[in-house]
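**Student:** can you look at this prediction? I've put the sequence above it.
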Amino acid sequence: MDNIKCIICLGENPITLENPLTKEHIIPEFMGGAKYISRVCKCCNEWMSRDFEVAVSKFDFYEIARYTHQINGKRKLVKHPFTGSYEDDTYGKFRINEKGEIIVIPEIEIKLKNKNLSLVGSIDQSDEKVLIEQVLLKLERDKEICEKFGLEALPSLAERLINTSDTKYESHYNPKVSKSSVFDIDAHIKLYTKIAFETAFDYFGDIYLDDPVAVKIRKSLQSGDFEKLKNLSAIAGLDPILDDAFDSTYHWVVLLKNICYIKIFNISWEGIFSEMQLFEKGHAGIVYKYCYKSKKYEKLNLSEHYRNMALHQMKINKK
C-alpha cells in the first residue's frame with residue numbers, strides 16, 4: 001500500500017494524512033455518477049474540481065437536467081435552475097425560490113400629502129402575515145413621518161393604514177423567465193477527457209498509465225494545459241450508428257479500440273485515449289452504462305450490449 005501513488009501526479013504530492021487518496025467519481029456526482037476510483041489524491045482531486053468541474057456543474061444545461069431528474073449529488077435539495085430574482089412588466093419584482101415557487105417581492109410606498117398618509121404597494125399572499133412589519137419599517141425610515149407623528153404612534157398608524165387601504169388580490173401564472181448561458185467548451189473537453197482517462201485506468205489498471213497518450217492526458221489534467229490534446233478530442237455528435245445504440249436515459253462511456261465515446265444527457269464527446277491497442281485481439285470493446293436515476297452502473301462487453309439491444313427490439317416488435 002505504501003507504493004500506491006495518485007494516478008494524476010504519480011506521487012509528486014506525497015500521500016499523507018493531510019493528502020490522502022480520495023473517492024474520485026469517474027462521472028461527477030452532479031451528473032449522477034456513482035462509480036468512483038480510489039487512486040486520486042486530495043490535492044489533485046481538488047485541483048481538477050477548481051480547474052473545470054465546478055465550471056461545468058454551474059452550466060444551466062446541467063442545472064436543468066439535475067432538477068428534472070432530481071439528481072442531488074452532494075446537495076440535500078436540488079434547487080430550481082431558475083432560482084433568483086427577476087422583474088416583469090406585469091408581475092413587478094418577484095423571485096423564484098429553490099423549490100421553484102414564485103414569490104412576489106414586497107414593494108411598499110407610503111406617501112404623506114396634506115397631513116394624510118396613503119399606502120400603495122404589492123406583496124405576496126404568503127407574506128401577508130408580515131405586512132404590518134413591512135409597513136412599520138417603511139414608516140420608521142421616513143424622517144418626515146417620524147417627526148410628524150412620533151415613533152410611539154407608528155405601530156397603530158401602520159395598522160390603521162393597512163385596515164383602511166383597499167385590498168385587491170390577483171393571481172398570475174407562468175411568468176416568462178429567460179436566461180443567457182455560455183457553453184464553456186474547454187471545461188467540457190477537460191471533464192470528458194478526465195472521464196475517459198479514469199475509465200481506461202479502471203478497466204486496464206496501472207498498465208494504462210505507461211501508454212504515451214495516457215501520459216499526455218495525465219500531465220494535462222495535472223497542469224490544466226490542454227493545448228496539446230485539442231487534436232485528440234472534440235465535443236461533437238457521435239457516429240450515427242453509435243448514437244442510436246446509446247439512448248439518453250443512461251450515461252455511456254465506451255472504450256472501442258483506442259477511441260473513447262462518451263454520451264451524457266445527450267452531449268456527446270469522442271477522443272483518443274491510448275496510442276496502443278490495449279484490448280486483446282478480437283475484443284469488441286467495453287461499455288460502462290450509468291443509470292443516473294438509481295446511481296448504479298454496469299460494465300458490459302460491447303457485443304453483449306448490442307445483443308441486449310437486439311433482444312429488447314424483438315420484444316418491442318412482438319408487441
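**Tutor:** Noted; the coordinates are in hand. Numbering: from 1, shown residues only.
**Student:** please count neighbours and contacts with C-alpha atoms only from this point.
**Tutor:** Fine.
**Student:** ok, now which ones touch Asn13?
**Tutor:** 19, 41, 43 (Cα atoms under 8 Å, 6 or more residues apart in numbering).
**Student:** what bridges to the second one?
**Tutor:** On the basis of DSSP bridges, Cys41 takes part in beta bridges with Leu21.
**Student:** and for it, the neighbour number?
**Tutor:** 27 (other Cα atoms under 10 Å).
**Student:** thought it was touching Thr16?
**Tutor:** No. Cys41 lies out of contact with Thr16 (Cα atoms under 8 Å); the separation is 9.3 Å.
**Student:** just the helices in the stretch 1-150 of the chain please.
**Tutor:** Secondary structure of the stretch 1-150 of the chain, counting by DSSP state H, counting those that start in this stretch: helices at 42-48, 54-57, 60-69, 131-140, 143-149.
**Student:** export those to CSV and tack on distance to Val120, mean pLDDT and mean neighbour count?
**Tutor:** Shown next, in CSV, are the helices of the stretch 1-150 of the chain (distance: least, Cα to Cα, whole Å; pLDDT from 0 to 100; neighbours: other Cα atoms under 10 Å):
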stretch, distance to Val120, mean pLDDT, mean neighbour count
helix 42-48, 52, 97, 19
helix 54-57, 42, 92, 17
helix 60-69, 37, 90, 17
helix 131-140, 10, 86, 18
helix 143-149, 16, 85, 12
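**Student:** as a markdown table, those helices with distance to Gly282 would be great.
**Tutor:** Below are the helices of the stretch 1-150 of the chain laid out as a markdown table (distance: least, Cα to Cα, whole Å):
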| stretch | distance to Gly282 |
| --- | --- |
| helix 42-48 | 35 |
| helix 54-57 | 37 |
| helix 60-69 | 37 |
| helix 131-140 | 74 |
| helix 143-149 | 86 |
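**Student:** so which of those helices comes closest to Ala34?
**Tutor:** helix 60-69 (14.4 Å; Cα to Cα).
**Student:** residue contacts, Asp166?
**Tutor:** Applying Cα under 8 Å, 6+ apart, no residues qualify as near Asp166.
**Student:** check which helices and strands the host helix or strand of Val213 sits against.
**Tutor:** Counting by DSSP states H and E, the element that carries Val213 is helix 212-223. Applying 3 or more Cα pairs under 8 Å, 6 or more residues apart in numbering; DSSP states H and E, we find helix 212-223 packed against helix 42-48, helix 185-204.
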